[in-house]
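Trainee: Give me a model of this one.
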Amino acid sequence: MSLLQSRELFHPYRNDGSQFIDHIIKGQPRNCLDLLCMDRYSFITLCNILKEKNLVENGREISIEEQVAMFLFTVGHNECNHACQNTFQHSGQTISK
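Mentor: I've put the predicted structure just below:
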């Protein structure tokens with residue numbers, strides 16, 4: 001599969017992970033709190049701190065914001081890898097990195 005081809009979504013009715021994060025950040029304030037256990041201002045601040053201190057970097061297919069959101073979702077809700085795959089529309093290998 002070339003990098004230019006789009007990846008197939010597991011659940012076509014959901015957006016891919018980057019669109020999902022954008023929806024969480026720009027959508028209803030309660031969505032961020034419910035899904036990430038953190039208000040959006042704190043989430044954006046945390047991501048900016050991680051960027052500034054070079055503690056996390058953008059991956060080939062996944063942004064810092066998405067990486068942090070997957071971590072918060074998994075830890076905050078005690079979710080398994082499979083639930084995170086379905087929510088953020090990434091493979092198990094990407095989620096586990």
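Trainee: Quick check: which ranges of the chain have low pLDDT?
Mentor: Low-confidence segments of the chain, defined by pLDDT under 70, are located at 1-17, 78-97.
Trainee: So which residues of it form helices?
Mentor: For the chain, applying DSSP state H gives helices covering 17-26, 29-36, 40-52, 64-76, 81-88, 92-96.
Trainee: Show me which residues of the first one are buried.
Mentor: For helix 17-26, the buried set under the neighbour-count rule, 16 or more other Cβ atoms under 10 Å, comprises Gly17, Phe20, Ile21, Ile24, Ile25. Using the backbone N, CA and C atoms, a C-beta is placed for each residue, glycine as well.
Trainee: Restricting to C-alpha, output it in CSV.
Mentor: As requested, the backbone C-alpha atoms of helix 17-26 are provided in CSV (Å, rounded to 0.1, in the frame of the first residue of the first chain):
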residue,chain,number,x,y,z
GLY,A,17,-8.4,10.1,14.0
SER,A,18,-7.3,13.5,13.0
GLN,A,19,-10.8,14.6,12.1
PHE,A,20,-12.0,13.1,15.4
ILE,A,21,-9.5,15.1,17.4
ASP,A,22,-10.5,18.3,15.5
HIS,A,23,-14.2,17.5,16.3
ILE,A,24,-13.3,17.1,20.0
ILE,A,25,-11.3,20.3,20.2
LYS,A,26,-13.7,22.5,18.2
